[in-house]
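**Student:** got a predicted model here, sequence first, then my questions.
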Protein chains: 2
Amino acid sequence: MKKIPVLLLGCGGVGRHLLHHIVSCRSLHANQGIRLRVVGVCDSKCLVVVPDVFSMEFSDNFLLEVCRVKSDSLSLLTLSGSGECQVFTDSELTKKIIDTAALLNKSTGLVLVDCSASSETIGVLNRAVDLGCCVVLANKKPVTSKMEDYDTLVSHPRRIRHESTVGAGLPVIASLNRILSSGDPVHRIIGSLSGTLGYVMSQVEDGKPFSQVVKSAKTLGYTEPDPRDDLSGMDVARKALILARLLGSRLNMDSIKIESLYPGEMGPDVMSVEEFLENGVLLLDKDIQERVHKASLKGNVLRYLEIYSRCYSEQPLVIQGAGAGNDTTAAGVLADILDLQDLFP
Amino acid sequence: MKKIPVLLLGCGGVGRHLLHHIVSCRSLHANQGIRLRVVGVCDSKCLVVVPDVFSMEFSDNFLLEVCRVKSDSLSLLTLSGSGECQVFTDSELTKKIIDTAALLNKSTGLVLVDCSASSETIGVLNRAVDLGCCVVLANKKPVTSKMEDYDTLVSHPRRIRHESTVGAGLPVIASLNRILSSGDPVHRIIGSLSGTLGYVMSQVEDGKPFSQVVKSAKTLGYTEPDPRDDLSGMDVARKALILARLLGSRLNMDSIKIESLYPGEMGPDVMSVEEFLENGVLLLDKDIQERVHKASLKGNVLRYLEIYSRCYSEQPLVIQGAGAGNDTTAAGVLADILDLQDLFP
């Protein structure tokens, strides 16, 4: 049985779904001769880790307990009494992750999985890559940071996977990498890169007021905690940058032009999320309705991703499907981890 | 530089395109730290191999000469005077391939690539897999043979790739494997599995006589040498069986129901290809026209592949694009070879 040690950063919706998937796939993976050995889990403030990272792993019960604690919005500190883990916080947290990476990479290997939405993981990810560990990302920030960070992260391209940063579980990056490795030059990618905006806009097309749709999308968990992260186009810009860098462009975020759906005077520096949702967004209804109407006159709405290359010049490669959601995103992360298996002893 | 030894079976359209792609991707692969070292090439009657499989490889000039010889429909024997290769025929041919596999697998590894359309490669592929070699197939026959052969071929699932057996270069199998490895159960696949039949039928829908379309499709190189291989539905049945087996079904070809486009009295046992094209196919025009008309009344024609799973239940994963052609198929084979790189020292 091949054992793949996993250390998870981030236990929001995606991270919790990943832990659930890992537990429910035990027998499937065993049939493939694989066992994912979760040695540590980390939220924004606290790391829980097995007492001996060489030989131990968290039990499935413990992993499910982590999920329960985090879905109740509690801290991982709550688990400190369980006896199954050691707990690290503050400056000790980063040090312990790097020590673990240094210890494991030479013997068992380690996959550092980032399911957070934070840019604070970049330092520890870079160190882990330097130490020879593998990295799997659902977090877009590390691969959309400055070129220097990107170059470090992809310095061993076979040891990093980040399928779920674009189109959730949809095999967009895997397909692009196949095309690129066969020497088929990609010259154009067209796509609807935000499941959230896709949902919001199709509701507006159906005649619902923008303000109402944004509020219900937030209630349904389809948006970021601050919906303006989606409405500003930043999320789409990050995905565009990730695809551009995959194709070899040495661009930064400031090269990506985006058109925000709200004006500067409604930005996060000026008004709170509550104020935006209660007052600001109502003022946008008329303008958005007009823009959506105008766009629909020009033709159909895009709901998929097209890749144009030499092989796919007249008929592009089209990939379409549910490109959002924690379940699908976590499934993409899990497939990425399994895809690294040949690098483990 | 990581070197991946390759031995190619079959130098028809796909095999020749593969050799061209390998040569034109030299600098791309070098940037990734990879060199594909072609140690042997084999057609149906003759194997040419480098004098020392451990250290030597065919030059790019020699590989392009192989392509020229084969596109002129000559035998590889023509190359025996070049000095760059040893030549083996008949019973020596199989023995030499197996000896090479046995020699290389313990030191450098070997990818045996099957771009033929023959069932005669099954024996040598099975032996190579037993010896620990990797296998990449564009040839559908080895994976649609009896279950015993299939079980041997996939006994080390990480060492076999056969993306190009379904949908040419389209990432169908890679996407399916990602879905399966993340524990997302696939419950339904719907698709248009024959680029050839897709072409023929859309021409008939446009009002052209079936007989004329079949003849021009053959002239354009879109069909098998005997177009009845496509028209019988055997090619589609093979792809359906490959997908079913990937999903875990232990089925054989006789479980796949197909509806032939020509009657038994026009079969290969009864009339020659020439007779079929000159006389037989003309008799089918009226019947096919009626069936196409009837089908079109029921709704739209399917031109893509849909995968339904837990994650893709309401919105299936749709993959669409140019799913036929030697260039695209060879690109898929090359991506498969590169995907095996972590197994090489």
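**Tutor:** Thanks, I have the structure now.

**Student:** list the contacts for the residue of the stretch 1-150 of chain A found nearest chain B?
**Tutor:** Of all residues in the stretch 1-150 of chain A, residue A:25 sits closest to chain B, at 3.8 Å by Cβ to the nearest Cβ. For every residue, glycine as well, the C-beta is placed using N, CA and C. Neighbouring residues of residue A:25 by Cβ atoms under 8 Å, 6 or more residues apart in numbering or on different chains: A:36, A:334, B:182-183.

**Student:** restricted to strands, list the residues you listed.
**Tutor:** Residues of these located in strands (DSSP state E): residue A:36.

**Student:** neighbours of residue A:74, how many?
**Tutor:** When neighbours are counted by other Cβ atoms under 10 Å in any protein chain shown, residue A:74 registers 12.

**Student:** need the residues of the stretch 101-250 of chain A near chain B, please.
**Tutor:** Proximity of the stretch 101-250 of chain A to chain B, by Cβ under 8 Å from any Cβ of the partner chain, involves residues A:157-158, A:163, A:169-171, A:174-175, A:178-179, A:181-184.

**Student:** change it to 10 Å
**Tutor:** A:156-159, A:163, A:168-172, A:174-185, A:248 (Cβ under 10 Å from any Cβ of the partner chain).

**Student:** so which of those residues belong to helices?
**Tutor:** The helices in this structure, assigned by DSSP state H, contain A:172, A:174-181 from those.

**Student:** neighbour-wise, which one of those residues leads?
**Tutor:** That'd be residue A:172 among those, by other Cβ under 10 Å, with 28 neighbours.

**Student:** wait, doesn't residue A:121 sit right on residue A:140?
**Tutor:** No. Residue A:121 is beyond contact range of residue A:140, at 11.4 Å (criterion: Cβ atoms under 10 Å).

**Student:** can you give me the helices for the stretch 51-200 of chain A?
**Tutor:** A:60-71, A:90-105, A:122-130, A:141-144, A:147-153, A:172-181, A:195-205 (DSSP state H, counting those that start in this stretch).

**Student:** quick check: mean pLDDT of the first one?
**Tutor:** Just to be clear, that refers to helix A:60-71. Across helix A:60-71, pLDDT averages out at 96.

**Student:** who touches that helix?
**Tutor:** Contact with helix A:60-71 is made by A:8, A:10-13, A:15-20, A:22-24, A:26, A:38, A:41, A:43, A:48, A:50, A:57-59, A:74-79, A:82-85, as judged by Cβ atoms under 10 Å, 6 or more residues apart in numbering or on different chains.

**Student:** mind checking how far that helix is from the chain centre?
**Tutor:** 20 Å (Cα atoms, centre = their mean, to the nearest Å).

**Student:** list the buried residues of it.
**Tutor:** Across helix A:60-71, burial judged by 16 or more other Cβ atoms under 10 Å in any protein chain shown covers A:62-63, A:65-67, A:69-70.

**Student:** any low-confidence regions in chain A?
**Tutor:** Within chain A, the set of residues satisfying pLDDT under 70 comprises A:298-303.

**Student:** and which of the contacts of residue A:25 is nearest residue A:234?
**Tutor:** Taking Cβ to Cβ as the measure, residue A:234 lies nearest residue A:334 of those, at 26.5 Å.

**Student:** residue contacts, that closest one?
**Tutor:** So residue A:334 contacts A:6, A:17-18, A:21-22, A:25, A:29, A:36, A:113, A:136, A:164, A:169, B:178, B:181-184 (Cβ under 10 Å, 6+ apart).

**Student:** try 6 Å
**Tutor:** With contact set as Cβ atoms under 6 Å, 6 or more residues apart in numbering or on different chains, residue A:334 has these partners: A:21, B:182.

**Student:** same check on the one 4 residues further on?
**Tutor:** Taking Cβ under 6 Å, 6+ apart as the definition of contact, the neighbours of residue A:338 are residue B:181.

**Student:** just say helix, strand or coil for it.
**Tutor:** helix (DSSP: H, G, I helix; E, B strand; the rest coil).

**Student:** what is the neighbour count of residue A:242?
**Tutor:** Counted with other Cβ under 10 Å, residue A:242 comes out at 20.

**Student:** make sure it is indeed in a helix.
**Tutor:** Yes. Counting by three-state DSSP, residue A:242 is located in a helix.

**Student:** what comes up buried for whichever strand or helix holds residue A:29?
**Tutor:** Under the criterion of DSSP states H and E, residue A:29 resides in helix A:26-31. Neighbour counts using 16+ other Cβ under 10 Å place residue A:29 of helix A:26-31 among the buried residues.
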